[in-house]
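In: give me coordinates for this.
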Amino acid sequence: MRNVLLTRHAAALLSTICLFFILGCRSTVSDKPIDAATTIQPPLGLPPVPFPLDNPPTAATINLGRHLFYEKRLSKDNSVSCATCHDPALDFTDGRSIAQGVDAALGTRNTPTALNSVYQPFQFWDGRVASLEAQSSIPMTNPAEMDQSHKVTVSKLSKNTAYQRMFAEAYGSSDITIARIQKALASFERTLLSGDSAFDHYQYQGDTHALTPSQMRGLSLFIDPNKGNCAACHTIGPQSSLFTDGKFHNIGVGVEDDGNLKDLGRYLQTKIDSDRGAFKTPTLRNVANTAPYMHDGSLQTLQQVVDFYAGGGNSNPYLDKEIKVIKLSGQERADLVEFLKSLTGRPPVHVGPPENQ
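Out: As a prediction, the model looks like this:
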């Protein structure tokens, strides 16, 4: 009996030791920021900035994420960073029809702007993930982008004393993990906001002089369901406007001569037939600065975009019901283009390459 009791005591002691060890390890590599959340103030025309409860933005995580966003050591040959494709000088796009990664490898789609991506319910053209945290790690391993395993990325950064310090400031220890990298990048990307445009002053402050007569006519066409009907997908709200419904539509881009779709888009994620050739509605904010357009970068100017929609897109069995031929005069098309220019907002501050990187 005494031996049995000793065995039970030993087992209990071992269990307690293991529990303390597990809890200790968890606290050491916690992925939750240690500081209180900081307020990210959205500019005029944008709603409050959402964030997950397990990743509140803090000054330290935003600073760390800013460094990581411009960090080329995230790529296989130390030549590509997030900012390579999301260049602040190009409104966080790359100006290319198709994205280009390490070794000049070409992707399959156009680089969308990272501005206001925090508000998107889905990330990527096909909506393969639902959060900025999940999105941030995918380009690192993509062979056509950074082409580097997470293990190698963590190893590279772990050798850098400056990063050790920044991770400790953000998370309470110098441990560098892919989860912490993801969360820091996402926190920084939540600051990439652009609003306070001429449209916002007109729409939300009642400044009747903020838009030109041509832009006001363009706005009327934009929201008229019997004319431009653009607001059916590029939505305008009573208090804020994202200029996207966050949904997926087949607008007839990428239809080959034989009627087949070059890129199946959302269908690749859902396997639902109606999603064939459907892509996420992009935001139109700062659209005048983010050419070329469409998921394949096939249209070079806003005039071409307006002409494409006016022509009803390209016919295919999955074409969205909102896409139809509309009669627009040359002046009306020019007015629509001018209105789109009014959506260029005030650029975010403190988001460029950090000093002394």
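
In: which ones are touching the spatially most central residue of the chain?
Out: What sits nearest the mean C-alpha location of the chain, by Cα atoms, centre = their mean, is residue 117, with 3.7 Å. Applying Cβ atoms under 8 Å, 6 or more residues apart in numbering to residue 117 gives the contacts 123, 132, 189, 192. In this view, the C-beta of every residue, glycine as well, is placed from N, C-alpha and C.

In: kindly report the same for residue 137.
Out: 150, 178, 181, 182.

In: one more time with 7 Å, if that's ok
Out: 150, 178, 182 (Cβ atoms under 7 Å, 6 or more residues apart in numbering).

In: roughly how far does the second one sit from residue 107?
Out: Residue 178 sits 22 Å away from residue 107, taking Cβ to Cβ, to the nearest Å as the criterion.

In: residue 256: how many residues sit nearby?
Out: 10 (other Cβ atoms under 10 Å).

In: check residue 183 too.
Out: When counting by other Cβ under 10 Å, one arrives at 27 neighbours for residue 183.

In: so where do the helices sit in this protein?
Out: Shown for the chain, the helices assigned by DSSP state H span residues 2-28, 59-69, 82-85, 132-141, 150-158, 161-171, 178-189, 198-205, 213-223, 267-270, 302-310, 330-341.

In: the residue nearest to the centre of the chain and residue 102, how far apart?
Out: 23 Å.

In: give me the nearest residue to residue 201, chain neighbours excluded.
Out: What sits nearest to residue 201 in space, not counting adjacent residues and going by Cβ to Cβ, 6 or more residues apart in numbering, is residue 210, at 3.9 Å.

In: same question, residue 284
Out: In this structure, residue 284 finds its nearest non-sequential neighbour in residue 243, 4.0 Å apart by Cβ to Cβ, 6+ apart.

In: just the helices of the chain: most buried one?
Out: Sort these by mean neighbour count, taking mean count of other Cβ atoms under 10 Å, and helix 178-189 sits at the top with a mean of 25.

In: export that helix to CSV, keeping only CA atoms.
Out: Output in CSV follows, covering the C-alpha atoms of helix 178-189 (Å, rounded to 0.1, in the frame of the first residue of the first chain):
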residue,chain,number,x,y,z
ILE,A,178,5.9,33.0,-37.5
ALA,A,179,2.7,33.8,-35.6
ARG,A,180,4.2,36.9,-34.1
ILE,A,181,5.5,37.9,-37.5
GLN,A,182,2.0,37.5,-38.9
LYS,A,183,0.4,39.5,-36.2
ALA,A,184,2.9,42.4,-36.3
LEU,A,185,2.5,42.7,-40.1
ALA,A,186,-1.2,42.7,-39.7
SER,A,187,-1.1,45.4,-37.1
PHE,A,188,1.0,47.6,-39.3
GLU,A,189,-1.3,47.0,-42.3
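
In: just the angle between that helix and helix 150-158, please?
Out: 70 degrees (axes from the mean of the first three to the mean of the last three Cα atoms, to 10 degrees).

In: what's helix 178-189 in contact with?
Out: Here helix 178-189 has contacts from 31, 55, 57, 61-62, 64-66, 68-69, 114, 117-118, 132-133, 136-137, 150, 154, 167, 170-171, using Cβ under 7 Å, 6+ apart.
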